[in-house]
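1. Output the structure for:
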Amino acid sequence: MAGREILHKIKVKAGLSSSTSDNTGKGKTKMSGKHIRHGYHLVKGQSSHPMEDYIVAEFKHAGDSELGLFAIFDGHMGHDVPVYLKEHLFDNILQQTNFLTDTKSAIMKAYEITDSKILEKAKELGRGGSTAVTAILIDGLKLVVANVGDSRAVICKNGSAKQLSIDHEPSAERDMIEKKGGFISNIPGDVPRVDGQLAVARAFGDRSLKLHLSSEPYVKEEMIDDGTEFLILASDGLWKVMSNQEAVDAIGGIKDPLSAAKHLIEVALARKSKDDISCIVVKFK
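-> Prediction:
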């Protein structure tokens with residue numbers, strides 16, 4: 001089916017996605033006999049700038065398939081780029097003609113197209129950028145995760161944490177950055193930064209750094225089986241103070257996904273996380 005036809009047939013499942021505020025919400029649906037529920041919560045950090053984290057958490061139809069669309073966009077130097085991603089990235093993915101037949105390629109192409117559009121709109125959107133982690137659940141059977149930057153996706157299977165994304169840290173991509181003419185700073189007391197500025201090696205936007213910065217996502221497909229319990233998506237404000245397994249263990253006994261998302265943020269705050277924190281929990285059981 002052509003991409004435009006898929007997009008035309010997409011509609012939010014009425015009554016199944018609700019939120020109590022912009023910063024807290026939940027939803028539920030049934031896919032392939034599985035009861036899928038999600039909850040999300042966002043808390044502003046201690047910085048002086050406005051909140052720069054944005055999320056997507058909803059269920060939709062695409063052709064004959066049912067989708068769960070989940071994402072966290074963690075902006076830097078402004079909120080315009082993450083807002084643009086929230087409004088356009090999933091549409092760009094679903095518009096790809098091969099979305100249902102080759103989801104990985106469709107996502108990679110859509111990330112490229114979206115970043116190009118953001119760079120074209122630099123005068124409007126500003127000089128900032130954003131990390132992204134997106135998760136698309138297809139018919140309750142397959143999960144396709146993609147990310148640029150350090151927001152992270154972790155799935156729990158039989159009580160064990162499995163990371164589905166890659167933290168794109170500058171030190172890990174030094175060779176690529178230096179081949180493009182950039183450098184990695186290592187100032188004592190600070191984290192490594194691309195050209196002494198950005199603490200991630202991949203991101204959307206950041207026009208001034210784009211010659212040395214990639215927006216190519218890491219993409220991972222994961223099948224949802226009987227042992228799959230839940231998925232956590234969170235910005236780095238959570239992962240700076242919690243390991244993957246600690247996060248999984250912290251909410252293993254919490255049935256309600258919204259309560260689980262709130263609890264993870266409470267733990268992160270108790271551990272003195274000062275960054276903006278956003279968290280989405282998707283329960284498969």
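2. For the stretch 101-250 of the chain, which segments are assigned as strands?
-> For the stretch 101-250 of the chain, applying DSSP state E, counting those that start in this stretch gives strands covering 129-138, 142-148, 152-157, 160-163, 184-185, 193-194, 204-205, 218-223, 228-234.
3. if you compare those strands, which one is most tucked away?
-> strand 204-205 (a mean of 30; mean count of other CB atoms under 10 Å). Where C-beta positions appear, they are placed from N, C-alpha and C, glycine not excepted.
4. Direction included, what does it pair against?
-> Strand pairing for strand 204-205, using DSSP bridges, gives strand 129-138 (antiparallel).
5. In TSV: the strands of the stretch 101-250 of the chain, plus mean pLDDT and distance to Ser32.
-> TSV is the format used below for the strands of the stretch 101-250 of the chain (pLDDT from 0 to 100; distance: least, CB to CB, whole Å):
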stretch	mean pLDDT	distance to Ser32
strand 129-138	96	10
strand 142-148	97	10
strand 152-157	98	17
strand 160-163	98	21
strand 184-185	88	45
strand 193-194	90	42
strand 204-205	96	32
strand 218-223	97	12
strand 228-234	97	12
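6. Need those in TSV (columns: distance to Val281).
-> Converted to TSV, those look like this (distance: least, CB to CB, whole Å):
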stretch	distance to Val281
strand 129-138	12
strand 142-148	14
strand 152-157	10
strand 160-163	13
strand 184-185	34
strand 193-194	31
strand 204-205	24
strand 218-223	16
strand 228-234	6
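7. Counting by contacts, list what the helix or strand hosting Ile280 packs against.
-> Assigned by DSSP states H and E, Ile280 belongs to strand 277-283. If you count contacts as 3 or more CB pairs under 8 Å, 6 or more residues apart in numbering; DSSP states H and E, strand 277-283 packs onto strand 34-43, strand 53-62, strand 65-76, strand 228-234, helix 236-239, helix 257-270.
8. No further questions, thank you.
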